[in-house]
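Visitor: quick one, fold the following:
(2 chains)
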There are 2 protein chains.
Amino acid sequence: MASKPSIPKGTRDFSPAEVAKRQYIIQTIKSNFEKFGFQPIETPSFENSDTLMGKYGEEGDRLIFKILNSGDYLSKANATHLENKDSLKLTASISEKALRYDLTVPFARYVVQHQSEIEFPFKRYQIQPVWRADRPQKGRFREFFQCDADVVGSKSLWQEVELVQLYDTVFTALGLAGVTIKINNRKILSGIAEVIGASDKLIDFTVALDKLDKIGEDGVKKEMIEKGISEEAIAKVQPLFSFTGTIAEKINQLSQLLSVSVEGMKGVEELQFICEKVTQLGLATAQLDLDVTLARGLNYYTGAIFEIAPPKTVAMGSIGGGGRYDDLTGIFGLKNMSGVGISFGLDRIYLVIEELGLFPDTVAATSKALFVNYGETEAFVAMQTIQKLRAEGIKVELYPDAVKMGKQLQYADKRGIPFAVIIGTQELESSTFALKNLVTGEQVVLDYNGLQQRLQ
Amino acid sequence: MASKPSIPKGTRDFSPAEVAKRQYIIQTIKSNFEKFGFQPIETPSFENSDTLMGKYGEEGDRLIFKILNSGDYLSKANATHLENKDSLKLTASISEKALRYDLTVPFARYVVQHQSEIEFPFKRYQIQPVWRADRPQKGRFREFFQCDADVVGSKSLWQEVELVQLYDTVFTALGLAGVTIKINNRKILSGIAEVIGASDKLIDFTVALDKLDKIGEDGVKKEMIEKGISEEAIAKVQPLFSFTGTIAEKINQLSQLLSVSVEGMKGVEELQFICEKVTQLGLATAQLDLDVTLARGLNYYTGAIFEIAPPKTVAMGSIGGGGRYDDLTGIFGLKNMSGVGISFGLDRIYLVIEELGLFPDTVAATSKALFVNYGETEAFVAMQTIQKLRAEGIKVELYPDAVKMGKQLQYADKRGIPFAVIIGTQELESSTFALKNLVTGEQVVLDYNGLQQRLQ
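Guide: Numbers count the residues shown, from 1 in each chain, chains lettered A, B, ... in the order given. From the prediction side, this is the model:
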């Protein structure tokens, strides 16, 4: 092969330093998932196509990576579709498996398939890659990790309370103070739709309302009218144009605004419970905010909707989101299983922590010391020492070849190894070790115990 | 969907208990990889097809999962192959990407692609899934994890010494005493081929010799002759039929047997260095054994060959293997990069540990206590307490619904949660907690400090 090899667009290699930083985030999320009682499951990278297809809409179906059947796949190919060169229709007859597109549908499939082994409510977390044949762009990849925690089998709103606390706990543990946990409720949105008398205009309405900060009340109203929302309807929800104050005040306004809508009032009640409990119990570093324009996954969520905005000093989209979906497993035939869950956006969290310089220095921990190799006799004593240090849990290594010391020290330096241990003739004779600090250049002679203590 | 959903054959769902056990093994391997100075990298799940195809032989190519191009893939399909319904040849024009088949070829690709950023010798480890379209059978899956540690960029035999120690350290840490680390050297095998005068008969020769225990010397010789190895040739390697004793004795026999072969003697020298150093430095619980029939990946390895046999009480194939390959990155145009590496067979190690009952009880650690839910007022105090305990790193959870206590305790029991915390009217009044041991049934009343201490 003449040209330098490459990887498919939208995918990434991760260097040791990058893996270490990603693992630091994943480990923090994972340990807090477990502290909150969530248990890990893992599902296969590919599912039967009929498990995935039709679950994410037409656009989603298009973005699912399909795996070609093995062997003589054309022998079972649909002759008509092949004749017509109809790629879209042919796929089903030459591909039976597809890479998972998210972790939610595989989770629903898992719950239905293993329902007899599961104790409900089932609190599960799952941290695995997913794949989407999206056009790659900055911050959007074809392979990326999702970190999801969901509870299925209970409608208790205490779970929403805990999920808000879980967000707060994880971001606090990551040193990421000042994130905003935005909350809304699908029933509030349905209530607004009822009040403005047009369910089909709801998305236009929330999209326009979301621009209030940028284009002002008049601009928003103009856009709404352009989208076909009547002036009368807009007048009915006038309070939403000056929707400020504490969460309690906002809830108060909503309950007046939505008093005519049974579903809307149910949403107010749910929001009130969640926000009241979260506020009374207190958050460590995050801020809770009620955002009535929040409408992510509108067709999916049925209750609470969450979205996380990074600290205001960082210009970046949401770094997490989630919500309540009342019929998670219905698509696979198991009815009346309410689920609620949240997701952490690993890649964006990484970028935010990087930008704010919040990765601890210890994250990319490499070996503590490199033993210089002077030849077989010296290297043998080095290996004896290394063996003892490793048994104490200390990360040390031997330079494998007896090349010039300068080259060996340069290697340690470039690898970020802070110390070199030198065992030469003198040290061999006196059973000592010269420990060189590669940052300061300082060198001391130590016995084994002294060495172990310094490298601990 | 009427029928219960399922997953593709050869793939697996992992339950919380299984994930916990797998993570225990992976974490043990990982922490020891790092103690030995290896650094993690990760590569994409799919590679460009030309990176993978042709690297594993014809059979390997067939077993690689290909990903169908997105969109109107038939528009670029080769018309002739399509016309002829030639599945094999058509693939290249409708599929550009494929799931990785192992971690070694992606590693070689990584090294060549990132050579300017890497400090050599490069000690990397990689723990990721791989996919093979193999016929699934007991213990063989279409998706499974590989756990590899390799060093590239040095021919030093100290690395082989360290890799043997690494095997010993990991299996000792897993409580798996008594594994056998079999070692051989490709150059020994070449020497034997030279002596028997037939390189093309080498595999037949080693396969036959490997049956010595089962069919005896006469049986082996009979098979060799059937395979076309001459009696004269067999006579020349007669010592291999009584190849016993210590490693030093075996090496002694080999050096007499292979004295006419330059390459064979180089192999003897390498084996001697590795075995001598390993023996002098000592192994904790594993046994080193020289096995001249060991020939795994014959076309691949150029120096040392390793294979791990589980403790003799378990009937199972190898649980790890590896070796030296002198031209790892040559396939991607970077010459003279010697590599040496080992791999741990996660699935089989799991089965061995399971069979021997060696998983620690703490592995499947679930929540320490379930707080019983008596209704909003009590649940609020429970949540306050849970919040404090979690801040101390203690895993506790609230049952989300205020259902009958029996149902809640049954849930805790089935989940394997050892304690229940009860906050009823009495406890609310006296700011105390009733802690019930769900194994013994014993119940005590404690204040917060007492509770924290008991759940620590």
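Visitor: only C-alpha atoms for contact and neighbour calcs from this point on.
Guide: Will do.
Visitor: can you pull the contacts of the residue in the stretch 51-200 of chain A that chain B sits nearest to?
Guide: Taking CA to the nearest CA, chain B has its nearest neighbour within the stretch 51-200 of chain A at residue A:67, 4.5 Å off. Applying CA atoms under 8 Å, 6 or more residues apart in numbering or on different chains, one finds that residue A:67 lies in contact with A:95, A:96, A:97, A:98, A:99, B:65, B:66, B:67, B:68.
Visitor: between those residues, which is nearest residue A:186?
Guide: Residue A:186 lies nearest to residue A:99 out of the contacts of residue A:67, by CA to CA, at 30.1 Å.
Visitor: got a list of what the closest one touches?
Guide: Residue A:99 touches A:45, A:46, A:47, A:64, A:65, A:66, A:67, A:130, A:131, counting by CA under 8 Å, 6+ apart.
Visitor: same check on residue A:339?
Guide: Contacts of residue A:339 (CA under 8 Å, 6+ apart): A:150, A:151, A:152, A:153, A:154, A:155, A:324, A:325, A:326, A:327, A:328.
Visitor: tell me the bridge partners for it.
Guide: residue A:152, residue A:325 (DSSP bridges).
Visitor: and it, how far is that from residue B:240?
Guide: For residue A:339, the distance to residue B:240 equals 66 Å [CA to CA, to the nearest Å].
Visitor: can you list the contacts of residue A:99 in TSV and add pLDDT and secondary structure?
Guide: Formatted as TSV, these follow (pLDDT from 0 to 100; DSSP: H, G, I helix; E, B strand; the rest coil):
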residue	pLDDT	secondary structure
A:45	98	coil
A:46	98	strand
A:47	98	strand
A:64	97	coil
A:65	98	coil
A:66	98	strand
A:67	98	strand
A:130	97	strand
A:131	98	strand
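Visitor: contact residues of the stretch 351-456 of chain A facing chain B?
Guide: A:366-367, A:380, A:383-384, A:390, A:393-397, A:400-401, A:411, A:414-415 (CA under 8 Å from any CA of the partner chain).
Visitor: which among the residues you listed end up buried?
Guide: A:366-367, A:380, A:383, A:390, A:394-397, A:400-401, A:411, A:415 (16 or more other CA atoms under 10 Å in any protein chain shown).
Visitor: can you show me the CA trace of the lowest-mean-pLDDT helix or strand in chain A as CSV?
Guide: One helix or strand of chain A scores below all others by mean pLDDT, DSSP states H and E: helix A:202-209, with a mean of 82. Output in CSV follows, covering the C-alpha atoms of helix A:202-209 (Å, rounded to 0.1, in the frame of the first residue of the first chain):
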residue,chain,number,x,y,z
LEU,A,202,-46.9,24.1,18.5
ILE,A,203,-43.4,23.6,17.1
ASP,A,204,-43.6,26.9,15.2
PHE,A,205,-44.8,28.5,18.3
THR,A,206,-42.0,27.3,20.6
VAL,A,207,-39.3,27.9,18.0
ALA,A,208,-40.5,31.5,17.6
LEU,A,209,-40.8,32.0,21.4
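Visitor: what's it packed up against?
Guide: Here helix A:202-209 touches helix A:186-196, helix A:212-226, going by 3 or more CA pairs under 8 Å, 6 or more residues apart in numbering or on different chains; DSSP states H and E.
Visitor: what average pLDDT does the next helix-or-strand element following the longest one get?
Guide: Using DSSP states H and E, the helix or strand that follows helix A:212-226 towards the C-terminus is helix A:231-236. When pLDDT is averaged over helix A:231-236, the result is 88.
Visitor: related to what we said a few turns ago, please render the contacts of residue A:99 as TSV that adds distance to residue A:196 to the earlier fields.
Guide: Below are these laid out as TSV (distance: CA to CA, whole Å):
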residue	distance to residue A:196
A:45	44
A:46	44
A:47	42
A:64	37
A:65	41
A:66	43
A:67	46
A:130	39
A:131	39
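Visitor: quick check, nearest of the residues you listed to residue A:27?
Guide: Nearest to residue A:27 among the contacts of residue A:99, with distances taken as CA to CA, is residue A:130, at 18.5 Å.
Visitor: ok, now which ones touch the closest one?
Guide: Residue A:130 touches A:45, A:99, A:100, A:101, A:102, A:103, A:143, A:144, A:145, A:146, counting by CA under 8 Å, 6+ apart.
Visitor: hmm, back to that, now do the least confident helix or strand of chain A against helix A:212-226, angle only.
Guide: Going by axes from the mean of the first three to the mean of the last three CA atoms, to 10 degrees, helix A:202-209 is angled at 140 degrees with respect to helix A:212-226.
Visitor: show me how chain A divides into domains.
Guide: A:10-64+A:101-176+A:310-364, A:180-300, A:369-455 (the TED database).
Visitor: got any ranges where chain A has weak pLDDT?
Guide: Under the criterion pLDDT under 70, the flagged ranges of chain A are A:1-3, A:297-299.
Visitor: give me the buried subset of the contacts of residue A:67.
Guide: A:95, A:96, A:97, A:98, A:99, B:65, B:66, B:67, B:68.
Visitor: closest to residue B:251 among those residues?
Guide: Checking the buried ones among the contacts of residue A:67 against residue B:251 with CA to CA, the nearest one is residue B:65 at 43.4 Å.
Visitor: nearest residue to the residue in the stretch 251-400 of chain A that chain B sits nearest to other than its sequence neighbours?
Guide: Of all residues in the stretch 251-400 of chain A, residue A:395 sits closest to chain B, at 4.2 Å by CA to the nearest CA. Nearest non-adjacent residue to residue A:395, counting by CA to CA, 6 or more residues apart in numbering or on different chains: residue B:35, 4.2 Å away.
Visitor: surely that neighbour is in contact with residue A:394?
Guide: Yes. Between residue B:35 and residue A:394 a contact is recorded at 6.5 Å, counting by CA atoms under 8 Å.
Visitor: overlap in contacts, those two.
Guide: Counting by CA under 8 Å, 6+ apart, nothing touches both residue B:35 and residue A:394.
Visitor: re earlier: nearest to residue B:162, out of the helices and strands packed on helix A:202-209?
Guide: Using CA to CA, the nearest of these to residue B:162 is helix A:186-196, at 59.0 Å.
Visitor: just the closest of the contacts of residue A:67 to residue B:218, please.
Guide: residue B:65 (44.6 Å).
Visitor: you'd agree that closest one is up against residue B:132?
Guide: Yes. Contact status for residue B:65 versus residue B:132: in contact at 6.6 Å, counting by CA under 8 Å.
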